[in-house]
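Novice: what follows is a predicted protein model with its sequence.
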Amino acid sequence: MKNISRVLIANRGEIAVRIIRACKSLGIETVAVVSEADRESLPAKMADRSVCVGPPRALDSYLNINLLITAALGTHSDALHPGYGFLAEQPELAEVCGKNNIQFIGPSLIAKGKDRSQAIERMQYFLENFIVSGVETTIPFHQRLLKHPDFLQGRVNTRWLEEVVLPTLRSDHE
């Protein structure tokens, strides 16, 4: 995981203020995303810099993934933090960040697809690119689950983990 020196904050109001404070406490530079209506907002004033991404209407500014990625790249931000709600719940944002070498600082993974196969493929991609530092995670376990033939074929039930997966894990550690 590369060090984060600059974070683009793709949210507004109190959420952005809290993220800015947390970043500053860690010595990380902040770039606040603002709409035309929020140029003089508290986050715009608190951040090391701000970048206007469009008109007041959220769909045309704060929720426009292409504009946010352009802003992150244009400001040389290492990471993008969506706050919570709206944008943070869009798996496409994490995917586009990864494709543009921008670390996504966001909530749990949500993978959706047009069918089971696409959803599994997207979840595998997200788990491979999901960065968590400082704590142990269960990401390797979930990566194994997503590759299991039973799981890929949809041959699972509420007891599958206990009856099929856990015994193989125990035998791996013996």
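Specialist: Looks like it arrived, so ask away. Residues are numbered from 1 along each chain as shown.

Novice: can I get the longest strand seen in the chain in PDB, CA atoms only?
Specialist: Secondary structure assigned by DSSP state E gives strand 29-34 as the longest strand of the chain. These are the backbone C-alpha positions of strand 29-34, laid out as PDB (Å, rounded to 0.1, in the frame of the first residue of the first chain):
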ATOM      1  CA  GLU A  29      -3.300  17.200   2.700                       C
ATOM      2  CA  THR A  30      -7.000  17.700   1.800                       C
ATOM      3  CA  VAL A  31      -8.800  18.700  -1.300                       C
ATOM      4  CA  ALA A  32     -12.500  19.500  -0.800                       C
ATOM      5  CA  VAL A  33     -14.800  19.000  -3.700                       C
ATOM      6  CA  VAL A  34     -17.400  21.800  -3.900                       C
END
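
Novice: quick check, Thr158 in a helix?
Specialist: No: counting by DSSP: H, G, I helix; E, B strand; the rest coil, one finds Thr158 to be coil, located in no helix.

Novice: who does the longest strand of the chain touch, helix- and strand-wise?
Specialist: Secondary structure elements in contact with strand 29-34, counted by 3 or more C-beta pairs under 8 Å, 6 or more residues apart in numbering; DSSP states H and E, are strand 6-9, helix 13-25, helix 42-46, strand 49-52, helix 65-74. In short, each C-beta sits where N, CA and C put it, glycine included.
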